[in-house]
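Chemist: Got a sequence here, can you model it:
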Amino acid sequence: MAIPNSQPMQFSPGLGGLVDAADSTKKFPGACTQLVNLIHDQVNPEFVVSRPGNLSLANFVAGGFSSPTFISIQVCIGTYIFGMVATTRNAGHDEPFMYNITTASFVTISGVTSANTPTSPSTTGDWTPPTLANIGTMIVITHPGFNGSGTNFYGVIDVTNYASPAWRDENTTTNGLLSVPTCVANFNNRAWFAGSNVGSGTANYSSWLFYTDILTNPLTRSNASQALIVGDNSPVNALAGLPNQTTSSGIIQSLTAFKKTQIWQITGDTSQANLSLNYLSLNIGTLMPRSIVQVPWGLYFISSGGPYMVNLLGAVLPITHEQGGAEPDIQVPFQNAVTPTRWCGAYNSTIYRVCGPTVINGTQSVNDYWFDEHKRRWSGPHSFAYDCASAFGSLFVLSTVNQPGILIQSSPIANTGFPNTDIGVAMPFALQSATFPKTGDMLTKMVVESQIEVSALNGAVVYSVVAESEGGSVIGSASISVGANVPLWGNPALLWGSPSQGGTGTLWTAAVQQYLPKTIPVPWGAPLVFEKMQLNISGTITANIGIGTFMARYQKTGFMTTGNP
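Modeler: Okay, the predicted model is just below:
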């Protein structure tokens with residue numbers, strides 16, 4: 001018998017994404033307040049699936065490094081990963097490394113001493129993060145551990161011979177830098193450094209950009225005039241290259257300089273007599289220099305107000321779901337950042353991810369958030385925390401102080417070649433919807449019948465499904481088991497042959513896997529009674545999982561809510 005006076009309702013997490021709002025009414029269908037270790041499915045649009053686990057890519061101990069710990073920077077250039085790692089080779093100092101992805105081996109770097117390497121930074125608190133740029137045959141590295149004594153301003157890995165790289169510390173020749181630079185970038189085949197003019201004999205100014213000669217002498221600054229003052233006295237904390245589209249000259253290259261509350265753009269070059277400095281914003285900048293990444297549409301970064309981008313026309317815009325939108329779906333994690341300079345980001349395969357320490361609902365944690373450009377929705381907070389992120393091939397390279405001395409590979413999309421664990425650690429999943437539905441009749445609702453689409457691949461998973469009132473009180477719970485464990489070859493309970501032929505086990509056939517989306521009734525123990533509800537689905541990722549549409553019919557009870565939670 002049909003339920004009288006009933007209305008259908010549904011919740012599809014794949015059509016939505018992560019939001020700050022507790023209620024979905026003014027957001028969108030499928031809005032969630034948690035999507036922990038769940039990402040959008042690229043095949044089934046209504047589904048979210050399990051985030052791929054992480055795998056070790058390179059082990060520094062196996063590569064011959066002495067007691068490696070914190071990796072302060074790592075960047076992939078071509079088929080190599082360059083960076084700095086704290087070791088006991090020179091106690092209290094970082095040393096450079098170079099990893100060959102093709103041969104899966106570290107390349108020995110000569111010339112490393114205690115005198116020419118930077119002191120190791122702290123792993124907590126705000127800092128000036130190291131930066132790295134490739135100029136010609138030089139990998140130039142800025143690092144807060146350089147002391148500015150003699151030539152100890154920045155480091156260089158000379159890769160003129162990739163089989164025999166060499167390390168040295170440097171300052172620009174002819175006209176040296178006046179302070180240890182905060183960052184470096186390649187622009188027009190020159191090294192551009194951000195720093196100050198302290199000790200120059202003139203009024204001290206923190207916001208200088210110094211640039212070297214062109215490619216043939218990339219670390220020489222022939223003229224003291226090879227410098228720009230950028231805006232006010234606040235320091236430049238990040239430099240990033242960006243193609244710039246113009247109406248008269250087509251696409252030209254530009255260098256974007258970030259401050260805490262400003263963004264400036266440099267175009268042209270002194271060799272062409274057209275070097276130009278212009279502001280893009282005087283009230284939006286970033287406190288998170290490592291959140292800045294290049295994407296096909298410009299630069300993504302996190303400001304104190306949320307996620308933003310600089311597009312190819314130089315416009316500074318919020319990252320939103322709809323074109324021309326004014327409000328990002330999530331802002332609170334970034335506004336509540338505890339140590340903004342510790343946040344890091346990377347982009348690959350249409351996924352922009354950022355990770356760092358923040359406070360959510362009064363609790364401090366290190367959270368990882370993903371923005372999917374196909375869906376233009378966020379997911380997270382994911383449970384694997386990291387300090388550095390970069391892209392190589394179709395994957396990410398991660399490193400974290402929690403897993404010292406290793407480089408980690410991570411897939412941006414669902415990938416059965418990756419495990420269901422993070423470096424052997426079990427991964428929880430948790431989906432929490434924003435409250436729904438808000439109707440105009442002001443009547444309490446009751447649900448007796450409901451169903452949900454779920455799946456499991458290469459294993460079995462138990463979904464814990466909990467319905468809560470808008471005040472957070474449990475109004476119903478259920479457990480759903482999906483999938484099948486893969487039979488092991490040689491298991492005595494699995495005999496070749498059928499029981500009718502004398503066997504006592506099952507037929508030996510291909511493993512039965514329940515991985516396609518399947519609609520399953522939710523076995524609530526009692527009717528759900530609510531004004532608005534929120535759905536919680538959680539468990540441990542023991543298989544490649546998928547969560548699709550929850551559907552129910554609610555009956556209008558004829559009475560209004562009592563106001564109890």
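Chemist: ok, Asn188 to Leu317 distance?
Modeler: Going from Asn188 to Leu317 by Cβ to Cβ, to the nearest Å gives 26 Å. Glycine gets a C-beta too; all of them are placed from N, C-alpha and C.
Chemist: Kindly apply the preceding question to Phe384 instead.
Modeler: Using Cβ to Cβ, Phe384 is found at 29 Å from Leu317.
Chemist: Pick out whichever of those two has more residues nearby.
Modeler: For Phe384 versus Leu317, neighbours defined as other Cβ atoms under 10 Å are more numerous around Phe384 (21 against 17).
Chemist: Now the more buried one, what are its backbone angles?
Modeler: When quoted as degrees, to the nearest 10, the phi and psi of Phe384 stand at phi -90, psi 120.
Chemist: now do Ile141
Modeler: phi -130, psi 120.
Chemist: give me the number of residues near it?
Modeler: Ile141: 26 neighbours (other Cβ under 10 Å).
Chemist: do the same with the one 5 residues further on
Modeler: When counting by other Cβ under 10 Å, one arrives at 23 neighbours for Phe146.
Chemist: now swap in Val236 and tell me
Modeler: Neighbours of Val236 under the rule other Cβ under 10 Å: 28.
Chemist: Disregarding flanking residues, what is the spatial nearest neighbour of it?
Modeler: Spatial nearest neighbour of Val236, chain neighbours left out: Ala194 (3.9 Å); criterion: Cβ to Cβ, 6 or more residues apart in numbering.
Chemist: Tell me which strands the helix or strand containing that neighbour pairs with, and in which orientation.
Modeler: Ala194 belongs to strand 190-195 when elements are defined using DSSP states H and E. Strands adjacent to strand 190-195 in the sheet, as given by DSSP bridges, are strand 183-187 (antiparallel), strand 208-211 (antiparallel).
Chemist: Can I get the shortest one in PDB? Just the C-alpha atoms.
Modeler: This means strand 208-211. The C-alpha trace of strand 208-211 is given here as PDB (Å, rounded to 0.1, in the frame of the first residue of the first chain):
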ATOM      1  CA  TRP A 208      62.500  44.700  -3.600                       C
ATOM      2  CA  LEU A 209      62.800  42.400  -6.600                       C
ATOM      3  CA  PHE A 210      66.300  41.800  -7.900                       C
ATOM      4  CA  TYR A 211      66.900  40.200 -11.300                       C
END
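Chemist: Sheet-wise, list the partners of the next helix-or-strand element following it with their directions.
Modeler: Next helix or strand after strand 208-211 toward the C-terminus (DSSP H and E): strand 227-229. Note on strand 227-229: by DSSP bridges, its sheet partners are strand 208-211 (antiparallel).
Chemist: Can you give the contact residues for the partner strand?
Modeler: 172, 177-178, 181, 187, 190-197, 221, 226-230, 236, 239, 257, 266 (Cβ atoms under 8 Å, 6 or more residues apart in numbering).
Chemist: gap between the residue nearest to Val236 and Ser433?
Modeler: As judged by Cβ to Cβ, Ala194 and Ser433 stand 44 Å apart.
Chemist: Low-confidence regions, the stretch 51-200 of the chain specifically.
Modeler: Residues of the stretch 51-200 of the chain that meet the criterion pLDDT under 70 lie in 199-200.
Chemist: can the strands paired with strand 190-195 go into CSV with extra columns for distance to Asp23 and mean neighbour count?
Modeler: CSV is the format used below for these (distance: least, Cβ to Cβ, whole Å; neighbours: other Cβ atoms under 10 Å):
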stretch, distance to Asp23, mean neighbour count
strand 183-187, 42, 23
strand 208-211, 47, 23
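Chemist: what about those strands, which gets the closest to Ser473?
Modeler: Among those, strand 183-187 comes nearest to Ser473, with 50.4 Å by Cβ to Cβ.
Chemist: domains of this protein?
Modeler: With domains defined by automatic domain parsing, the chain comprises 6-51+431-556, 52-67+288-398+406-419, 69-125+134-171, 187-285.
Chemist: what's the span of the longest one from first residue to last?
Modeler: Start-to-end span of domain 6-51+431-556 (Cα to Cα, to the nearest Å) is 6 Å.
Chemist: quick check, distance from it to the centre of its chain.
Modeler: Offset of domain 6-51+431-556 from its chain centre (Cα atoms, centre = their mean, to the nearest Å): 26 Å.
Chemist: before we move on, back to that, okay, the strands paired with strand 190-195 in CSV with distance to Tyr279 next?
Modeler: Putting the strands paired with strand 190-195 into CSV (distance: least, Cβ to Cβ, whole Å) gives the following:
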stretch, distance to Tyr279
strand 183-187, 17
strand 208-211, 14
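Chemist: which ones are touching Arg431?
Modeler: Wrong residue type there; residue 431 is Leu, not Arg. Applying Cβ under 8 Å, 6+ apart to Leu431 gives the contacts Pro13, Cys32, Gln34, Leu35, Val36, Leu38, Val48, Leu535, Asn536, Ile537, Ser538, Ile547.
Chemist: ranking those by neighbours, who comes first?
Modeler: In terms of neighbours by other Cβ under 10 Å, those top out with Val48 at 31 neighbours.
Chemist: wait, that one sits on Gln42?
Modeler: No: the criterion here is Cβ atoms under 8 Å, and Val48 misses it with Gln42 at 11.1 Å.
Chemist: Give me the neighbour count for the residue nearest to Phe193 when sequence neighbours are not counted.
Modeler: Spatially, and ignoring its direct neighbours in sequence, Phe193 is nearest to Pro181 (3.9 Å; Cβ to Cβ, 6+ apart). By other Cβ under 10 Å, 29 other residues sit near Pro181.
Chemist: Pro181 and Ser399: what is the separation?
Modeler: 23 Å.
Chemist: show me the contacts for the residue nearest the centre of the chain.
Modeler: Residue closest to the average C-alpha location in the chain (Cα atoms, centre = their mean): Arg353, at 2.1 Å. Applying Cβ under 8 Å, 6+ apart, we find Arg353 in contact with Gly345, Ala346, Tyr347, Asp368, Tyr369, Trp370, Phe371, Ala389, Phe396, Pro412.
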